[in-house]
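Undergrad: I would like to see how this sequence folds:
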Amino acid sequence: MLPTVSIIVPLYYAEKLFPPLIIGLETLAQQNKEQFKTEIIFVDDGSKDNTFKLVQNLKPEHFSFQAIRLARNFKSYIAILAGIQQARGDYITFLAQDLQEPPELISQFFGLIQDNYDVVWAVRRTRADGFLDRLFSQLFHRLMNKIWSDWPKTGADMFMINRPVANVLLSMQEKNSHISGQILWSGFRQTQIFYDRQKRKIGKSGWSFWKKVELAVSVITQFSYLPIRACTVLGLILATTGFFYGILVIVQRLTLQITLQGWSALMIVLLIIGGFQFIFLGVIGEYLWRVFDEVRKRPAYIVMERIEGGNRE
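TA: Numbers count the residues shown, from 1 in each chain. The predicted structure follows:
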């Protein structure tokens, strides 16, 4: 009996992207029908256009599918997590709606994961994006690699996992996290393939600059204590500097070198110290918010509609 590969496809305002996406999925399923059965899990992450209607009217020839529509936009990590929850396959992967990661990678994933691996990563070799996108991506992934040596320097957002790894991810029940980091953290037997990220052909990415910043903050605070450690080190540096400056002030006072002039220097010191204090409070607040968001036990996502259909003949 052939194994089943579940492909999660998060959708967000995907009207224009949907036709080429389905062509790519049909081609993938047809080309690999002798190797595995293909199940697609569409997750509409709160689109306000006709994306879900297109899914409802879908009549695939070579794959079966499920679809869920989330009550609002819960972001891509949660959409993928929701898809993993619905997936029935022996192996699970995901594909972006814009096809910047070629569907052919899934065939390579399947071939490698048969060699006694639990996780296969697609590591970006190059990416055909704008200069600023490439720059910020490189900075983020290199920083994460310095913090965590297992993190690929060029990024690895696409993967295939087997059922035991999927069960571990679902057991974590983390809302403010990053699925790639969770997989790396969990261990298991992992390997990599390399690919060139293609240029987006239709539309614009929904990932704005500030969404990327928010994601970076979430990943760093979720998987590293570096911000807290940096605050500690800066605090020690400031305290040490203040101690020696205090000694200098005492010496100058005893030697009658202090005059009434110095208000500007005092204000500069107060502003610098006050600024660092606000930074420290902000870092602590980021961690406290994540703790609060986890302990109040709200659901990670809410399903508004569901489709069970499209069984492949």
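
Undergrad: break the chain down into its domains, please.
TA: 4-223+300-309, 226-295 (automatic domain parsing).

Undergrad: kindly compare burial across those and name the winner.
TA: Compared across the domains of the chain, domain 4-223+300-309 shows the largest average neighbour count, a mean of 18 (mean count of other CB atoms under 10 Å). For the C-beta atoms, the positions are set from N, CA and C on the backbone; glycine is no exception.

Undergrad: quick check: longest helix of this protein.
TA: helix 263-295 (DSSP state H).

Undergrad: which strands and helices sit next to that one?
TA: Under the contact criterion of 3 or more CB pairs under 8 Å, 6 or more residues apart in numbering; DSSP states H and E, helix 263-295 touches helix 209-223, helix 226-254.

Undergrad: please redo it, this time with the cut-off set to 6 Å
TA: helix 226-254 (3 or more CB pairs under 6 Å, 6 or more residues apart in numbering; DSSP states H and E).

Undergrad: can you report phi and psi for residue 296?
TA: Torsion angles at residue 296 (phi, psi; degrees, to the nearest 10) stand at phi -80, psi -10.

Undergrad: tell me, how many residues neighbour it?
TA: Applying other CB atoms under 10 Å, we find 7 other residues in the vicinity of residue 296.

Undergrad: which stretches of the protein form strands?
TA: 4-11, 37-44, 64-70, 91-94, 119-127, 158-162, 190-197, 303-309 (DSSP state E).

Undergrad: by contact count, what packs against the fourth one?
TA: When contacts are defined as 3+ CB pairs under 6 Å, 6+ apart, strand 91-94 packs onto strand 4-11, strand 158-162.

Undergrad: residue contacts, the residue lying closest to residue 86 once chain neighbours are set aside?
TA: Closest residue to residue 86 apart from its sequence neighbours, by CB to CB, 6 or more residues apart in numbering: residue 41 at 5.1 Å. Residues near residue 41 by CB atoms under 6 Å, 6 or more residues apart in numbering: 6, 8, 66, 83, 86, 87.

Undergrad: quick check: the gap between residue 41 and residue 273.
TA: Look at residue 41 and residue 273: by CB to CB, to the nearest Å, they are 52 Å apart.

Undergrad: residue 92 too?
TA: For residue 92, the distance to residue 273 - CB to CB - is 50 Å.

Undergrad: what do you get for residue 283?
TA: For residue 283, the distance to residue 273 - CB to CB - is 16 Å.

Undergrad: ok so, going back, closest to residue 292 out of the helices and strands packed on strand 91-94?
TA: Residue 292 lies closest to strand 4-11 among these, at 26.4 Å (CB to CB).

Undergrad: which helices and strands sit right next to that closest one?
TA: strand 37-44, helix 76-86, strand 91-94.

Undergrad: from the middle of its chain, how far away would the first one be?
TA: Relative to the centre of its chain, strand 37-44 is centred 20 Å away, using CA atoms, centre = their mean, to the nearest Å.

Undergrad: okay, angle between it and helix 76-86 too, please.
TA: 140 degrees (axes from the mean of the first three to the mean of the last three CA atoms, to 10 degrees).

Undergrad: let me see the mean pLDDT of strand 37-44.
TA: The average pLDDT within strand 37-44 is 93.

Undergrad: strand partners of that strand, parallel vs antiparallel please.
TA: strand 4-11 (parallel), strand 64-70 (parallel) (DSSP bridges).

Undergrad: so where's the stretch 101-250 of the chain uncertain?
TA: Within the stretch 101-250 of the chain, the segments meeting pLDDT under 70 span 126-138, 140-141, 143-150, 152-155, 175-177, 198-226, 242-243, 246, 249-250.

Undergrad: what about 50?
TA: Filtered on pLDDT under 50, the stretch 101-250 of the chain yields no residues whatsoever.

Undergrad: which residues touch residue 13?
TA: Residue 13 touches 47, 49, counting by CB under 6 Å, 6+ apart.

Undergrad: how near is it to residue 47?
TA: 5 Å.

Undergrad: over to residue 276?
TA: Taken as CB to CB, the span from residue 276 to residue 47 is 43 Å.

Undergrad: likewise for residue 283?
TA: 34 Å.

Undergrad: same check on residue 23?
TA: 20 Å.

Undergrad: now swap in residue 191 and tell me
TA: From residue 191 over to residue 47 (counting by CB to CB), the distance is 35 Å.

Undergrad: related to what we said a few turns ago, how about the helices and strands packed on strand 91-94 in CSV, adding distance to residue 229?
TA: Shown next, in CSV, are those (distance: least, CB to CB, whole Å):
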stretch, distance to residue 229
strand 4-11, 34
strand 158-162, 29
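
Undergrad: returning to what we had before: do you know which of the strands paired with strand 37-44 lies nearest residue 111?
TA: By CB to CB (comparing all of the strands paired with strand 37-44), the closest turns out to be strand 4-11, at 11.5 Å.

Undergrad: in CSV, list the C-alpha atoms belonging to that closest one.
TA: The C-alpha trace of strand 4-11 is given here as CSV (Å, rounded to 0.1, in the frame of the first residue of the first chain):
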residue,chain,number,x,y,z
THR,A,4,0.3,9.2,1.9
VAL,A,5,2.0,12.6,1.8
SER,A,6,0.0,15.5,3.3
ILE,A,7,0.8,18.9,1.8
ILE,A,8,-0.4,21.9,3.9
VAL,A,9,-1.1,25.0,1.8
PRO,A,10,-1.8,28.1,3.9
LEU,A,11,-4.0,30.5,1.9
